[in-house]
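1. Kindly generate the corresponding structure for this input.
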Amino acid sequence: MARPRKKGLDYFPHDTDAVNDEKIEALRALYGNDGYAFYFILLERIYRTENVELDIKTEEMKRILARKIQISKQKFEKMLLTAFEFELFDRKEFEERGVLTSRGIKRRAGVVFAERERKRKRVISPGETTGEMESKVKITKENYIYDDDDNNKATEQEKIRKRILAELEKIGIFTPSPFQVDVLAYWVTQGMEEDAVIYAAHKAGGANVRRVDYIDAILRNWHNAGVRTLKQAEAEAARGLVY
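-> So this is what the prediction gives:
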């Protein structure tokens, strides 16, 4: 039997210097610590949902969230407009469907969902072997059955994560969360060379910006520009196209 499907996330990345993020700084500059609480309380609610979309179509839901943040509904509405202005949430998704989310939120959650699904499918209870499982090799540890290809892929992915973790520590990002490491490892699954991902981390460190979200932004911009190899990444950096 495959693992039961789990809904939502138990945690999401929250860098220890998130308060210095320009977009979050803008909320704090306008609304004080209420702006900080507004953003992260909403993120908590978003990441708990099954599809990382928080439905706030009803006025009652807005009032509930405003009470949760301990602000008035009028202030909540105003802060929401500011969040759209600074692209913390996707304005179009809200206007068309009444939900709070963003491409960045979905992409980061997608990393965890994909890994969770891979593990769920990979683990099969003893005694459930069928003709389709004859090509699978039994692993005595914990008495589970694993697919050879999946196991090899998992080993390779773990090597990538370990190297990224080691490089993050080299530039001064100590004990990053597993989610943060997965956020950067995601770009390897999108066709970027592992060395290009490592290079982005060191460019951030060289700029004295030791934040995973900054590295992720570099990689996103490079990926959108067609960068896939270390050589291409170095060329982008030489042109000053880092962030």
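
2. mean confidence for the host helix or strand of A166?
-> Using DSSP states H and E, A166 sits in helix 148-170. Helix 148-170 shows an average pLDDT of 77 in the prediction.

3. dump the residue contacts of the closest residue in space to F174 that isn't next to it in sequence.
-> Nearest non-adjacent residue to F174, counting by Cβ to Cβ, 6 or more residues apart in numbering: L168, 8.0 Å away. Every residue, glycine included, has its C-beta placed from N, CA and C. L168 makes contacts with 174, 176, 180-181, 184, 201, 212, as judged by Cβ atoms under 8 Å, 6 or more residues apart in numbering.

4. Next: D34.
-> Applying Cβ under 8 Å, 6+ apart, the residues contacting D34 are 69-71, 75, 79.

5. Could you give the backbone dihedrals for L100?
-> Note on L100: backbone dihedrals following degrees, to the nearest 10 are phi -100, psi 120.

6. my guess is it contacts K57, does it?
-> No - at 10.4 Å, L100 and K57 do not qualify as touching, with contact defined as Cβ atoms under 8 Å.

7. Neighbour count for the two, which is higher?
-> Between L100 and K57, counted using other Cβ atoms under 10 Å, the more crowded position is L100 (25 against 11).

8. Quick one, grab the pLDDT at the more buried one.
-> 96.

9. bridging residues for it?
-> The partner list for L100 in beta bridges (DSSP bridges) reads L54.

10. Around T101, count how many other residues there are.
-> If we define neighbours as other Cβ under 10 Å, then T101 has 20 of them.

11. and the gap between it and E234?
-> Remark: distance between T101 and E234 (Cβ to Cβ, to the nearest Å) = 34 Å.

12. One more: E193?
-> 11 Å.

13. got it, and R163?
-> From R163 across to E234, the span is 19 Å (Cβ to Cβ).
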